[in-house]
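A.B. asks: show me the folded form of this:
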Amino acid sequence: MKKVIKIEIQWVKNRTWGYGPKCNAVVCFDGGTEETIKKYRCSGYGYDKLSTVIALIYNNYLANEREKYFSKKDYFDGGAGTNSYERISEVLGGKLERVYSDNTFDFYVFTKNEVTNEIWL
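C.D. replies: Below is the predicted model of the structure:
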């Protein structure tokens, strides 16, 4: 059984803050159903916005996985850099891969192979 989250990030120009991520997450559930969530955004400056939207997605869709390795009160925090989430994904038993990147669009895929029938949310 495989679990997949596709992360599509479009970089949108803001007159005040420069470019910021507008992110869609396509979550592929067990059984072949998918859900697209178009609510992940952040603005401002002085921190890593890309890892911030990835942290928001992980907090929403990998909460059960996180609690296997960390305290229930812990959560994923952004601004740490995307490389941190590549390592975090490995700790969770998965893999975060950058499939495509240019000046206006990034595409990442989180994949995890499952051997149990646990509820995944």
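A.B. asks: what segments of the chain are helices?
C.D. replies: Assigned by DSSP state H, the chain shows helices spanning 49-61, 63-69, 82-91.
A.B. asks: so for the shortest one, what's the average pLDDT?
C.D. replies: I take that to be helix 63-69. Averaging pLDDT along helix 63-69 gives 81.
A.B. asks: in that helix, what counts as buried?
C.D. replies: Within helix 63-69, the residues that qualify as buried are 65-66, counting by 16 or more other C-beta atoms under 10 Å. For glycine as for every other residue, the C-beta is placed from the backbone atoms N, C-alpha and C.
A.B. asks: output it as CSV - backbone C-alpha positions only.
C.D. replies: Only the C-alpha atoms of helix 63-69 are listed here, as CSV (Å, rounded to 0.1, in the frame of the first residue of the first chain):
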residue,chain,number,x,y,z
ALA,A,63,-0.3,14.0,12.0
ASN,A,64,-0.6,10.3,12.8
GLU,A,65,2.8,9.6,11.4
ARG,A,66,4.3,12.4,13.4
GLU,A,67,2.9,11.1,16.6
LYS,A,68,4.7,7.8,16.1
TYR,A,69,8.1,9.5,16.4
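A.B. asks: which one of the helices of the chain is the most hemmed in?
C.D. replies: helix 49-61 (a mean of 22; mean count of other C-beta atoms under 10 Å).
A.B. asks: in this protein, what spans have low per-residue confidence?
C.D. replies: Applying pLDDT under 70 to the chain flags the ranges 1-2, 114-121.
A.B. asks: give me the residue at the spatial middle of the protein.
C.D. replies: For the chain, the residue nearest the mean C-alpha position is Ile54 (3.3 Å; C-alpha atoms, centre = their mean).
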